[in-house]
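Peer 1: Sequence plus predicted model, see below.
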Amino acid sequence: MRTVAVVGTGLIGTSAALALSARGIAVHLEDADHDAARTAAALGAGTVEPAEGPVDLAVIAVPPALVGPVLADCQQRGLARCYTDVASVKSGPRADIAALGLDTTHYIGSHPMAGREISGPLAGRADLFEGRPWVLTPTPDTDTDTLNAALELVALCGAVPVVMDAAAHDRAVALVSHTPQLVSSLVAARLEHAEETAVRLSGQGVRDVTRIAASDPRMWIDILSANAGVVADILEDVAADLGETVAALRSLQAADEAKRREGAQGITEVMRRGNAGQARIPGKHGAPPTRYATVAVLIGDQPGELARLFGDAGRAGVNIEDIAIEHSTGQQAGLVQLSVAPSAATGLTAALRERGWSVRD
Ligand SMILES: NC(=O)C1=CN([C@@H]2O[C@H](COP(=O)(O)OP(=O)(O)OC[C@H]3O[C@@H](n4cnc5c(N)ncnc54)[C@H](O)[C@@H]3O)[C@@H](O)[C@H]2O)C=CC1
Ligand SMILES: O=C(O)C(=O)Cc1ccc(O)cc1
């Protein structure tokens with residue numbers, strides 16, 4: 001693959017274009033908002049000049065409801081030999097494409113399972129898809145060259161291809177993406193009118209649970225409109241669990257000891273089920289979940305501290321698998337939690353202490 005057109009240069013389009021450009025692909029950028037395309041080009045994602053002839057692949061990165069009309073326009077212009085889209089839902093766009101009577105042989109639905117809570121080209125990152133699943137939804141109509149072009153796109157973006165049926169995809173993302181989005185919003189919504197003194201105490205737990213509550217409602221209304229029934233079914237199950245959890249909490253306050261025991265069992269059971277579900281979430285690169293050891297290091301809030309810490313970990317020969325940073329309110333310091341292989345934790349702790357770092361026990 002040598003030439004790609006990216007139509008829609010928001011977060012996802014720009015991220016894909018940055019990854020492709022970095023691999024030497026000639027990327028032509030288009031957006032209904034010319035400023036968005038020009039911004040993406042200025043970031044090094046490609047050129048706003050149109051291609052001279054049909055490109056090898058066009059990536060349509062617009063809101064789900066616009067995939068059909070935009071594909072119709074692109075095919076009519078003969079923009080590309082093959083087409084894909086990246087919408088977060090797959091059945092709706094497919095139905096629109098069928099209703100518009102478009103060529104489905106040279107089109108394949110796709111969805112990178114990576115995103116951010118912010119939109120637009122400036123949020124684009126070349127490594128956004130690195131190691132993340134990227135779903136492809138071919139049908140019996142899809143020709144081999146189109147499937148191969150999409151597979152090449154996924155590989156060039158460093159993602160892991162997963163082939164699925166569109167309806168199964170939509171059920172899966174209802175569970176792992178759409179419901180978590182709404183639950184995150186619901187938890188964060190409790191903070192809207194909370195006392196400032198309470199919100200100031202926020203630690204890492206509430207930050208983790210509410211990170212995606214910062215997402216743009218305009219994008220999500222498009223996604224949820226196309227998957228509303230499935231998400232509502234899952235939220236109904238969550239509501240039933242919530243009802244039982246509330247009842248268990250009320251029992252915990254009862255005078256009767258047997259009732260209190262029943263309440264404790266109810267809460268233990270919901271937390272046990274949570275532990276079991278959380279343990280099933282795959283680790284990096286889709287590998288089975290790995291238990292990492294955490295080495296917690298106190299760092300000063302000044303330029304270069306993180307780089308110095310990573311440098312010292314590297315010199316100790318330790319691969320950092322993940323990091324989390326906890327900022328303490330009103331203090332010029334943060335706690336960096338380095339996730340490393342369990343066998344490396346003791347050596348890393350010793351090496352960092354030797355270099356003067358304050359490592360928590
Ligand atoms: N944001 C996320 O976390 C993820 C989003 N997606 C999907 O990717 C697609 C794009 O989402 P984002 O990049 O987040 O949105 P975005 O809002 O950052 O970008 C969408 C872009 O499409 C452009 N656009 C709208 N109508 C157009 C048209 N007719 N022709 C050309 N350009 C047009 C807009 O001007 C905008 O620049 C959506 O279908 C979304 O469901 C997929 C994975 C993750
Ligand atoms: O921020 C995250 O962790 C996400 O998982 C975001 C996300 C949002 C929408 C998608 O279609 C895919 C991924």
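Peer 2: Great, that's in hand. Numbering: from 1, shown residues only. Ligands and ions are numbered 1, 2, ... in the order given.
Peer 1: Wondering if the helix or strand containing residue 224 reaches ligand 1 at all.
Peer 2: According to DSSP states H and E, residue 224 maps onto helix 217-225. Yes - applying CB under 6 Å from any ligand atom, one finds helix 217-225 in contact with ligand 1 at 219, 223. Quick note: C-beta positions are derived from backbone N, CA and C, even for glycine.
Peer 1: mean confidence for that helix?
Peer 2: Averaging pLDDT along helix 217-225 gives 93.
Peer 1: CA atoms only: put that helix into CSV for me.
Peer 2: Written as CSV, here are the backbone C-alpha positions of helix 217-225 (Å, rounded to 0.1, in the frame of the first residue of the first chain):
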residue,chain,number,x,y,z
PRO,A,217,-21.6,14.2,24.4
ARG,A,218,-22.0,15.0,20.7
MET,A,219,-19.9,12.0,19.6
TRP,A,220,-21.5,9.7,22.1
ILE,A,221,-25.1,10.5,21.2
ASP,A,222,-24.2,9.3,17.6
ILE,A,223,-22.7,6.1,19.0
LEU,A,224,-25.4,5.4,21.5
SER,A,225,-28.2,6.1,19.1
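Peer 1: do it and ligand 2 meet at all?
Peer 2: No - against ligand 2, helix 217-225 shows no contacts by CB under 6 Å from any ligand atom, the least distance being 6.7 Å.
Peer 1: Paired strands for the lowest-mean-pLDDT helix or strand in the chain, with orientation please.
Peer 2: Every helix and strand in the chain was compared by mean pLDDT, DSSP states H and E; the lowest is strand 322-327, with a mean of 76. Sheet pairing here is set by DSSP bridges, and for strand 322-327 it gives strand 333-340 (antiparallel).
Peer 1: How about the partner strand, which residues are buried there?
Peer 2: By 16 or more other CB atoms under 10 Å, the buried positions in strand 333-340 come out as 334-340.
Peer 1: near ligand 1, which residues of the stretch 1-150 of the chain?
Peer 2: Residues of the stretch 1-150 of the chain lying close to ligand 1 (CB under 6 Å from any ligand atom) are 7-13, 30-33, 36, 61-64, 66, 70, 86-88, 111-112, 115-116, 119-120.
Peer 1: buried subset of the residues you listed?
Peer 2: Buried members of those, counted by 16+ other CB under 10 Å: 7-13, 30-31, 36, 61-64, 66, 70, 86-88, 111-112, 115-116, 119-120.
Peer 1: Could I get the full set of strands for the stretch 151-300 of the chain?
Peer 2: Using DSSP state E, counting those that start in this stretch, the strands of the stretch 151-300 of the chain run over 160-163, 293-300.
Peer 1: how about the residues of this protein near ligand 2?
Peer 2: 88, 113-117, 177, 212.
Peer 1: Looking at those, spot the one nearest residue 233.
Peer 2: Distance to residue 233 across the residues of the chain next to ligand 2 (CB to CB) is lowest for residue 177, with 15.1 Å.
Peer 1: hmm, which two among the buried residues of strand 333-340 are most spread apart?
Peer 2: Largest separation among the buried residues of strand 333-340 by CB to CB: 334 and 340, giving 18.2 Å.
Peer 1: how's the protein carved up into domains?
Peer 2: Here the domain parsing of the chain from automatic domain parsing is 3-164, 171-279, 293-359.
Peer 1: Need the winner for burial among these.
Peer 2: Highest mean neighbour count among the domains of the chain (mean count of other CB atoms under 10 Å): domain 3-164, with a mean of 20.
Peer 1: any idea how far residue 337 lies from ligand 1?
Peer 2: 25 Å (CB to the nearest ligand atom, to the nearest Å).
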